[in-house]
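J.: give me the fold of what follows.
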Amino acid sequence: MEAGLQNGRGRGLVVADEREAEHGLGGELNARIARAVVRIYHGTCGRGPTKARAIFRGNVVAVVLEQVLTQAEKSLVATGRCDEVVALRRELHVAMRDELALAVGELTRCRVSAVMGDAQCEPDLAVEVFVLDQAVMTTPIADG
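T.: Now for the predicted structure:
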């Protein structure tokens, strides 16, 4: 499933996998959450990850992001400065936290109680974890 955002090499961002998006529990919600997180990463970091996968169970949402590092960060990693890159990524997470919580809260129709995130250099991955005040509902809420 291709989303509208492009990675730095002109290819479309891959969000979840096609089977999950079409047949999985909450597949469309997963894809929307992944796209929202990628959009926020792109706006904050200047580029977004090339792959994102969101999953939820009960009141927990997790988003795994692949190939998140910028070229500058990759250059630092190549010179043995991974710790500094991870520290920077943690600071960027703090800068994005409120916007991430707002987006996931709106999409899940839940209040976000906690947002936690981290990154690592090799492999180039990041994760965002959201704890909600209630379980995610996968059926549409009827208009009253």
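
J.: tell me the helix or strand right after the helix of greatest length in the chain.
T.: Secondary structure assigned by DSSP state H gives helix 82-108 as the longest helix of the chain. Downstream of helix 82-108, the next assigned helix or strand under DSSP states H and E is strand 112-120.

J.: list the buried ones in the helix or strand harbouring Arg39?
T.: Using DSSP H and E, Arg39 falls within helix 27-45. By 16 or more other CB atoms under 10 Å, the buried positions in helix 27-45 come out as 27, 29-42, 45. For the C-beta atoms, the positions are set from N, CA and C on the backbone; glycine is no exception.

J.: how far out from the middle of the chain is that helix?
T.: 5 Å (CA atoms, centre = their mean, to the nearest Å).

J.: show me what that helix is packed against.
T.: Contacts defined by 3 or more CB pairs under 8 Å, 6 or more residues apart in numbering; DSSP states H and E place helix 27-45 against strand 2-6, strand 12-15, helix 18-23, strand 51-57, strand 60-66, helix 82-108.

J.: the fourth one vs helix 82-108, what angle?
T.: For strand 51-57 against helix 82-108, the angle by axes from the mean of the first three to the mean of the last three CA atoms, to 10 degrees is 60 degrees.

J.: so what strands line up beside strand 51-57?
T.: strand 12-15 (parallel), strand 60-66 (antiparallel) (DSSP bridges).

J.: report the contact partners of Glu84.
T.: Counting by CB atoms under 8 Å, 6 or more residues apart in numbering, Glu84 touches Leu76.

J.: rerun that using 10 Å as the cut-off
T.: By CB atoms under 10 Å, 6 or more residues apart in numbering, the residues touching Glu84 are Glu73, Leu76, Val77.

J.: out of those residues, who's the most crowded?
T.: Glu73 (21 neighbours; other CB atoms under 10 Å).

J.: please name the nearest non-neighbouring residue to that residue.
T.: Counting by CB to CB, 6 or more residues apart in numbering, Glu73 lies nearest to Val85, which is 4.8 Å off, once chain neighbours are set aside.

J.: right, I'll call it a day here.
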